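Visitor: sequence unavailable; structure follows:
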């Protein structure tokens, strides 16, 4: 595989943007939102107790440490997959395959961010630190190479993606059923989202040699059924979270409607596999995540 050409001498501005892109800002934003949601739902005394009951520093440290470890994991993933990224139209302009940064720079940036993040979480809670460490390791050491071996990698990769929500809950009130349930919400949120995404970019994944379900199943029906089933489970765990935190009817109704929307779009995709219907699954899943965070905070006002 051809190495990126360091002789292009990108400008400082280009390099700064590249370092930012290595952190996978979209994924890191999702991680931040889910951490906030988990933290908020774990506070029965209300979200304002973050500032009045001595939670402020703990909350900020949890959020900052999680953001740093998430960004670092993203950079390490860029480093681990830069040669595969060269083969995909969607990813070939990422910083390392495009030659803006070298693989070594990506590796170093990822390690620095991860160790900084874990260092911050050391002052929050040992269990939160342990969970974040396992998240980084499972994402880079288990999920990333597993993507080239089996379509089951998606189900393994959703574990580190959902862990920050549980980390937020644990940082606020310790380990409990609520932490497990918010983990399950984010876990099952990711599955229809990324299954639809893999179907949209199945040609790219096939060209890069990733054995995604969307690549192996030419009919697309297996992907559609998996999207439908995981969307149904998502709706169930959503209501379970509401029950555990004794949420209001507003929370149950609002987040329930968003879950039904995801389920409906999943059913529509099963009925008619198309680019448009897959995009609608993605749109509804984004709305669900934003709604879950908003209703989580609203439930604790």
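Guide: Yep, it's here. All of these numbers come straight from a predicted model, not from anything done at the bench.
Visitor: low pLDDT regions in the stretch 201-301 of the chain?
Guide: 247, 299-301 (pLDDT under 70).
Visitor: could you pull out the helices for it?
Guide: Taking DSSP state H, counting those that start in this stretch as the criterion, the stretch 201-301 of the chain carries its helices at 202-208, 213-216, 221-244, 249-271, 275-299.
Visitor: what angle do the fourth one and helix 275-299 make?
Guide: This points to helix 249-271. Interaxial angle of helix 249-271 relative to helix 275-299 (axes from the mean of the first three to the mean of the last three CA atoms, to 10 degrees): 170 degrees.
Visitor: contacts for helix 249-271, please.
Guide: For helix 249-271, contacts defined as CB atoms under 8 Å, 6 or more residues apart in numbering pick out 192, 196, 221, 224-225, 227-228, 231-232, 234-235, 238-239, 242, 277-278, 280-281, 283-285, 287-288, 291-292, 295-296, 298-299. Placement of C-beta: from N, CA and C, glycine included.
Visitor: quick check: closest non-adjacent residue to residue 106.
Guide: residue 79 (4.0 Å; CB to CB, 6 or more residues apart in numbering).
Visitor: mind checking the SS state of that neighbour?
Guide: Recorded secondary structure, residue 79: helix (DSSP: H, G, I helix; E, B strand; the rest coil).
Visitor: so residue 33 sits against residue 288, correct?
Guide: No: applying CB atoms under 8 Å, one finds residue 33 not in contact with residue 288, separated by 11.4 Å.
Visitor: so which of the helices of the stretch 201-301 of the chain is nearest residue 67?
Guide: Nearest to residue 67 among the helices of the stretch 201-301 of the chain is helix 275-299 (15.0 Å), distances taken as CB to CB.
Visitor: mind listing what's buried in the closest one?
Guide: Of all the residues in helix 275-299, those buried under the rule 16 or more other CB atoms under 10 Å are 277-278, 280-282, 284-285, 288-289, 291-296, 298-299.
Visitor: swap in stretch 209-220?
Guide: In stretch 209-220, counting by 16+ other CB under 10 Å, buried: 210, 211, 212, 213, 214, 215, 217, 220.
Visitor: which residue packs closest to the first one, ignoring adjacent ones?
Guide: Same thing as residue 210. residue 147 (5.6 Å).
Visitor: please report phi then psi for the one you found.
Guide: Backbone torsions for residue 147, taken as degrees, to the nearest 10, come to phi -60, psi -30.
Visitor: pretty sure it sits against residue 140.
Guide: No: taking contacts as CB under 8 Å, residue 147 lies outside contact range of residue 140: 11.5 Å.
Visitor: okay, these two: which has more neighbours?
Guide: residue 147 (23 against 19; other CB atoms under 10 Å).
Visitor: the more buried one and residue 157, how far apart?
Guide: According to CB to CB, to the nearest Å, residue 147 and residue 157 sit 7 Å apart.
Visitor: with residue 270 instead?
Guide: Distance of residue 270 to residue 157, computed by CB to CB: 23 Å.
Visitor: now swap in residue 294 and tell me
Guide: Distance of residue 294 to residue 157, given as CB to CB: 26 Å.
Visitor: what's the distance between residue 281 and residue 258?
Guide: From residue 281 to residue 258 the distance is 13 Å (CB to CB).
Visitor: and residue 137, by the same measure?
Guide: Distance, residue 137 to residue 258, by CB to CB: 32 Å.
Visitor: just want to know which of these two has more residues nearby.
Guide: The neighbour count for residue 137 versus residue 258, taken as other CB under 10 Å, is higher for residue 258 (23 against 14).
Visitor: and the contacts of the strand or helix carrying residue 32?
Guide: If you go by DSSP states H and E, residue 32 is part of helix 25-41. The set of residues external to helix 25-41 that reach it, using CB under 8 Å, 6+ apart, is 47, 50, 59, 62-63, 66-67, 70-71, 74, 161-162, 164-169, 171-172, 178-179, 182, 186, 241, 245, 289-290, 292-293, 296-297, 299-300.
Visitor: neighbour count for residue 270 and residue 157, which is higher?
Guide: When residue 270 and residue 157 are compared for neighbours, residue 157 comes out ahead with 20 against 17, by other CB under 10 Å.
Visitor: can you tell me the SS state at the more buried one?
Guide: Relying on three-state DSSP, one would call residue 157 helix.
Visitor: wait, it sits on residue 143?
Guide: Yes: counting by CB under 8 Å, residue 157 does reach residue 143; the two are 4.0 Å apart.
Visitor: understood, closing this out.
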